[in-house]
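S.K.: sequence? don't have it. structure:
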């Protein structure tokens with residue numbers, strides 16, 4: 001059974017930084033991509049960043065380019081999302097997902113439970 005466990009969510013002030021982690025287990029193939037998505041109440045889930053497991057190509061939403069960085073440690077199946085210069089509009093539940101394509105959330109097969117990020121002004 002594939003499991004994704006996220007951690008690192010917290011409450012920070014505007015301009016602060018956080019690093020989210022997501023460790024995947026239980027799969028026996030090389031996933032296509034791992035990605036981070038976020039959702040606020042009343043809004044659709046949106047793609048934030050993704051990384052192709054095979055070639056390391058990264059994808060970012062325009063709203064986070066230059067502030068967020070996604071990385072991958074293949075040794076322990078963990079993906080990280082370094083978030084800098086955080087803004088109140090980054091406040092959301094952040095979800096990790098695996099085996100999708102880029103930021104196309106409908107293509108992702110497995111999802112974590114989410115970790116909350118709250119940015120205060």
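M.R.: Now that the structure is in, tell me what you want to look at. Here the structure is a predicted model, which is why all the values come from computation and not from measurement.

S.K.: From residue 121, how far off is the most centrally placed residue in the chain?
M.R.: Centroid-nearest residue in the chain, with CA atoms, centre = their mean: residue 36, separated by 2.1 Å. With distances taken as CB to CB, to the nearest Å, residue 36 is found 23 Å from residue 121. Yep, even glycine has a C-beta here, placed from its N, CA and C like the rest.

S.K.: Next: residue 100.
M.R.: Going from residue 100 to residue 121 by CB to CB gives 33 Å.

S.K.: quick one: which of those two has more around it?
M.R.: residue 100 (22 against 9; other CB atoms under 10 Å).

S.K.: show me the contacts for that one.
M.R.: If you count contacts by CB atoms under 8 Å, 6 or more residues apart in numbering, residue 100 has them with 32-33, 35, 50, 107-109.

S.K.: Buried ones among the residues you listed?
M.R.: Neighbour counting by 16 or more other CB atoms under 10 Å classes 32-33, 35, 50, 108 among the contacts of residue 100 as buried.

S.K.: Contact partners for residue 45?
M.R.: Counting by CB under 8 Å, 6+ apart, residue 45 touches 37-39, 95, 105.

S.K.: Please read the previous query as pertaining to residue 33.
M.R.: Residue 33 sits in contact with 50-53, 98-102, where contact means CB under 8 Å, 6+ apart.

S.K.: among those, which ones are buried?
M.R.: Taking 16+ other CB under 10 Å as the criterion, what is buried in the contacts of residue 33 is 50-53, 98-100, 102.

S.K.: Enumerate the beta-bridge partners assigned to residue 118.
M.R.: Note on residue 118: beta-bridge partners by DSSP bridges are residue 11.

S.K.: which strands and helices sit next to whichever strand or helix holds residue 21?
M.R.: Remark: residue 21 resides in strand 18-25, with elements defined by DSSP states H and E. Applying 3 or more CB pairs under 8 Å, 6 or more residues apart in numbering; DSSP states H and E, we find strand 18-25 packed against strand 3-7, strand 33-39, strand 78-83, strand 92-98, strand 115-120.
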